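**Student:** Take a look and give me a structure for this.
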Amino acid sequence: MQAVQVVSPGSVRNDYEVKDRAYARRGIPHFLIFDPYKAQCTTLWNPGPDGYRGRDVIPYGGTVLVESGIGKLSVDTAGLPVDPSSAS
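**Tutor:** Okay, the predicted model is just below:
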């Protein structure tokens with residue numbers, strides 16, 4: 001089982017802090033956070049009692065690969081939406 005979240009303006013703390021700990025405590029092996037405001041995907045793995053112990057941040061434009069119980073999950077982030085106000 002994997003968990004995937006897309007950040008919205010009102011969910012930043014909930015997505016990055018609350019769900020990190022809650023999902024890890026439940027033993028969900030991988031948690032992906034797609035963030036259109038930062039134009040990046042955060043992958044979390046290795047769940048523990050206080051949150052995930054592994055974390056990678058992948059800028060949009062690349063491919064996110066995650067091993068799962070049913071095989072590899074591959075997400076091309078090049079076409080994902082990015083908030084125009086966050087573009088540099």
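**Student:** Distance across stretch 61-72, terminal residue to terminal residue?
**Tutor:** 19 Å (CA to CA, to the nearest Å).
**Student:** Show me how far that stretch is from its chain's centre.
**Tutor:** Offset of stretch 61-72 from its chain centre (CA atoms, centre = their mean, to the nearest Å): 12 Å.
**Student:** can you pull the buried residues of that stretch?
**Tutor:** For stretch 61-72, a neighbour-count test (16 or more other CB atoms under 10 Å) marks Val64, Val66 as buried. For glycine as for every other residue, the C-beta is placed from the backbone atoms N, C-alpha and C.
**Student:** So what touches that stretch?
**Tutor:** Defining contact as CB atoms under 8 Å, 6 or more residues apart in numbering, one finds that stretch 61-72 is touched by 1-2, 29-30, 32, 41, 43, 45, 58, 73-78.
**Student:** Give me the buried subset of those residues.
**Tutor:** For those, buried by 16+ other CB under 10 Å: Gln2, Pro29, His30, Leu32, Cys41, Thr43, Trp45, Ile58, Val75, Thr77.
**Student:** I'd like the C-alpha coordinates of the helix-or-strand element of the chain with minimal mean pLDDT written as PDB, please.
**Tutor:** Scoring the helices and strands of the chain by mean pLDDT, DSSP states H and E places strand 63-68 at the bottom, with a mean of 84. The C-alpha coordinates for strand 63-68 follow below in PDB (Å, rounded to 0.1, in the frame of the first residue of the first chain):
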ATOM      1  CA  THR A  63      10.600  10.700 -13.100                       C
ATOM      2  CA  VAL A  64       9.600   9.500  -9.700                       C
ATOM      3  CA  LEU A  65      10.100   5.700  -9.200                       C
ATOM      4  CA  VAL A  66       8.700   3.900  -6.200                       C
ATOM      5  CA  GLU A  67       8.900   0.100  -5.500                       C
ATOM      6  CA  SER A  68       5.500  -1.300  -4.300                       C
END
